[in-house]
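Participant: Show me how the following folds:
(one chain, ligands or ions: 2)
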Amino acid sequence: MSPREYDESDARVRPARSTRPRSKDRPSHSTAISALVTGVDRGRQTCVTDEGVIITAMRARELGPKSVVVGDRVSIVGDVTGDEGSLARIVSVNERRNSLSRTVDDAAQVERTIVANVDQLVIVVAALNPEPRRGLIDRFLVSAFTEGITPKLVVTKTDLGVVPEFLAEYAKLDVEILHTAIKSDSREKDLEALHQMLSGKISVLVGHSGVGKSTLINALVPDADRLTGDVNEATGRGRHTSSSAVALALDTHDGWIIDTPGIRAFGLSHIDVSRIVDAFTDLSLVAATCLSNCSHAESSCKLDAWAAPNGVVDPERAARLSSLRSLLSVKDQAVFVPED
Ligand SMILES: Nc1nc2c(ncn2[C@@H]2O[C@H](COP(=O)(O)OP(=O)(O)OP(=O)(O)O)[C@@H](O)[C@H]2O)c(=O)[nH]1
Ligand SMILES: [Zn+2]
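Facilitator: Ligands and ions are numbered 1, 2, ... in the order given. Okay, here's the model as predicted:
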């Protein structure tokens with residue numbers, strides 16, 4: 001294309017109504033610094049540089065309608081001192097390697113991205129009170145596998161009762177499962193195991209209200225001060241009313257946990273079966289030999305032959321396949337239930 005040819009950037013230049021410089025004449029921001037967005041609240045982004053400087057920034061006009069969410073890597077210019085009252089500008093947002101969204105309306109037509117660039121989706125369920133539900137876990141797993149995010153399962157309150165057997169089946173999908181009882185003698189040991197799971201990673205924690213997510217976060221990030229059911233009863237203070245995500249640095253400074261209050265499931269505008277199968281090398285190799293439109297639930301599916309080589313059922317493979325099919329049968333459209 002010749003440089004004189006009309007292109008999209010010409011189309012974006014506004015009519016010359018003011019003396020504002022045209023977008024292509026703006027400085028190139030060669031002095032911009034890179035930072036991680038850790039919080040978004042009423043038009044202000046909290047950003048942390050690689051050196052640990054905390055900067056409050058607003059979106060620069062040139063970003064246009066592009067959203068900025070927790071987990072985004074951004075370039076910022078202006079007052080980047082991080083001094084009290086200072087305000088910098090976000091001039092660009094790096095391409096996201098993955099993202100999680102929530103549905104905005106009941107018809108689940110509109111999705112809003114709430115977090116980006118995460119390594120792990122940590123699904124928190126309680127052994128008891130509230131009882132874990134397969135449907136919710138499956139939905140979270142589908143979100144994770146679809147986005148190429150590694151899912152993990154943390155079972156809390158194991159001091160209260162026996163862990164339901166079905167949870168162990170998720171190991172068949174290579175999901176690491178950790179049992180914890182932070183309110184018991186095993187606290188120290190459990191926290192160490194959690195640290196190991198979270199170290200060096202950006203992890204999003206999700207779970208139904210009351211599973212003990214805030215208790216976990218407060219134990220991992222001592223100054224996090226997340227409201228727990230305990231505090232609530234003691235002080236009469238309300239629960240979190242905000243549903244915006246926030247990233248908290250682990251006390252060991254080698255990872256981030258992102259709390260997503262008010263989010264019980266992520267949006268799935270549609271379930272991409274192939275992306276889920278692709279998360280498992282062995283299964284995707286077999287699935288590649290299926291008919292091109294195979295839903296992997298039909299009788300001609302090659303995965304059945306794989307699970308029963310020469311007609312003899314391989315219990316390990318059969319269990320893995322059945323777990324996979326359970327995910328593939330999760331209905332399109334996620335539920336988003338705001339917490340009260
Ligand atoms: N016995 C026992 N109780 C726990 C454990 N972890 C958390 N709890 C209790 O469970 C209740 C709920 O814990 P929270 O941390 O507030 O739960 P949450 O998931 O953050 O709930 P929301 O704030 O509603 O999202 C509190 O009374 C905690 O003390 C545990 O390992 N064992
Ligand atoms: Zn198939």
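Participant: Let me see the ranges of the helices in the stretch 51-200 of the chain.
Facilitator: Counting by DSSP state H, counting those that start in this stretch, one finds helices in the stretch 51-200 of the chain at the ranges 134-147, 187-198.
Participant: Reformat those as JSON lines; add mean pLDDT.
Facilitator: Compiled in JSON lines, the helices of the stretch 51-200 of the chain are given as follows (pLDDT from 0 to 100):
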{"stretch": "helix 134-147", "mean pLDDT": "91"}
{"stretch": "helix 187-198", "mean pLDDT": "96"}
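Participant: Quick check: which of the ones you listed is buried the most?
Facilitator: Taking mean count of other C-beta atoms under 10 Å as the contact definition, the stretch among those with the greatest mean neighbour count is helix 134-147, which reaches a mean of 22. Yep, even glycine has a C-beta here, placed from its N, CA and C like the rest.
Participant: Quickly check: it near ligand 1 or not.
Facilitator: No: applying C-beta under 6 Å from any ligand atom, one finds helix 134-147 separated from ligand 1 by no less than 13.0 Å.
Participant: Output stretch 176-186 as CSV, restricted to C-alpha atoms.
Facilitator: Written as CSV, here are the backbone C-alpha positions of stretch 176-186 (Å, rounded to 0.1, in the frame of the first residue of the first chain):
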residue,chain,number,x,y,z
GLU,A,176,-4.9,-29.7,40.8
ILE,A,177,-7.0,-30.0,44.0
LEU,A,178,-6.0,-28.6,47.3
HIS,A,179,-7.8,-29.2,50.6
THR,A,180,-7.6,-26.5,53.2
ALA,A,181,-8.9,-25.7,56.7
ILE,A,182,-7.5,-22.3,57.4
LYS,A,183,-9.5,-22.1,60.7
SER,A,184,-7.9,-25.2,62.2
ASP,A,185,-4.5,-26.5,63.3
SER,A,186,-3.5,-27.2,59.7
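Participant: ok, and what's touching it?
Facilitator: For stretch 176-186, the external contacting residues (C-beta atoms under 8 Å, 6 or more residues apart in numbering) are 127, 152-160, 163, 167-168, 170-171, 187, 190-191, 193-194, 197, 212, 215-216, 219.
Participant: what residues are up against the residue nearest to Cys290 when sequence neighbours are not counted?
Facilitator: On the basis of C-beta to C-beta, 6 or more residues apart in numbering, the spatially nearest residue to Cys290 that is not a chain neighbour turns out to be Lys302, at 4.8 Å. Residues counted as contacts of Lys302 (C-beta under 8 Å, 6+ apart) are Val286, Ala287, Thr289, Cys290, Cys294.
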